[in-house]
Each structure stands twice: as C-alpha cells, then as structure tokens.
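In: Sharing a model that was predicted from the sequence below.
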Amino acid sequence: MSITVETVARIASLARVRMSEAELARMAPELSGILDWVEQLEEVDTSSVEPMAAVIPNHLRLREDVVDADPLTGGGQRDAVLANAPMAEHGFFAVPKVIE
C-alpha cells in the first residue's frame, strides 16, 4: 500500500503533530513499509492456530480452599472473632446500611 505525503500530513494533523516537509517526505515510505508488512502478515494462514491470551502458557497455582482448624493460625474461631464485633448476623459481621 502506498502512503502519500498528503496522507501523512493529514495523519499528523489529526494527531496534532507538527512535522516539516522533510519529515513528511521521510515518513511516507516508512508508513508504506509498515502497511506492506501488515499486508504480508494477513497472507499467513492462521486457521489452525488456536487463539491465545499470552505467548507463554500461564497456569494458576491454586491451593485447596479449606478452613484450618488450628487455633494458632486463626481457623475455626468464628464465634470468638464475632464476639468482638459490634453487630453480627447469621455468622457474619453486620454493618450499617450506607446507601440512602
């Protein structure tokens, strides 16, 4: 695809970038080259390539979600913790409604 100096001037104007005539003339072939490269990428058959979110495989390392009953690490003490709460309902901290 061929980009003209006028097209580069229009893009520079839209981007609010001030460019001299020499810079516009230098950018036209560079932008044309970039668009030619993109067109070349479009020719590659990617129908058998699975879409991915990252280049390298990411696996989340999850631990099992269990309540630790050891009183030293804090598990299994719901009633003792809720005894310190100003208000508790149904085994949870209760807070006043703040939305009017």
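Out: Nice, I can see it. Please read these numbers as outputs of a predicted model, since none were measured by experiment. Residues are numbered from 1 along each chain as shown.
In: immediately after the helix or strand bottoming out on mean pLDDT in the chain, which helix or strand?
Out: Ranked by mean pLDDT, DSSP states H and E, the helix or strand of the chain with the weakest confidence is helix 78-82, at a mean of 85. The helix or strand immediately downstream of helix 78-82 is strand 88-89, counting by DSSP states H and E.
In: Can you list the neighbours in contact with that following strand?
Out: Under the criterion CB atoms under 8 Å, 6 or more residues apart in numbering, residues 82, 94 lie in contact with strand 88-89. (Each C-beta comes from the backbone N, C-alpha and C, glycine too.)
In: Tell me which strands that strand pairs with, and in which orientation.
Out: Here strand 88-89 has these sheet partners by DSSP bridges: strand 92-93 (antiparallel).
In: just how off-centre is the partner strand within its chain?
Out: In terms of CA atoms, centre = their mean, to the nearest Å, the centre of strand 92-93 is set 34 Å apart from its chain centre.
In: which residue sits farthest out from the middle of this structure?
Out: Distance from the C-alpha centroid of the chain, by CA atoms, centre = their mean, peaks at A83 (41.7 Å).
In: So for it, what pLDDT did the model give?
Out: A83 carries a pLDDT score of 90 in this model.
In: And the helices in the protein?
Out: 5-14, 21-42, 78-82 (DSSP state H).
In: Determine how far the longest one lies from the middle of the whole chain.
Out: What it means is helix 21-42. The answer for helix 21-42 is 29 Å, by CA atoms, centre = their mean.
In: mind checking how far the residue nearest in space to the middle of the chain is from S47?
Out: Note on the chain: the residue nearest the mean C-alpha position is A53, at 10.1 Å, using CA atoms, centre = their mean. The gap separating A53 from S47 is 19 Å, by CB to CB, to the nearest Å.
In: picking up where we left off before, I'd like the helices of the chain written out as a markdown table, with mean neighbour count and distance to D70 added.
Out: Output for the helices of the chain, formatted as a markdown table (neighbours: other CB atoms under 10 Å; distance: least, CB to CB, whole Å):
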| stretch | mean neighbour count | distance to D70 |
| --- | --- | --- |
| helix 5-14 | 14 | 64 |
| helix 21-42 | 12 | 57 |
| helix 78-82 | 11 | 14 |
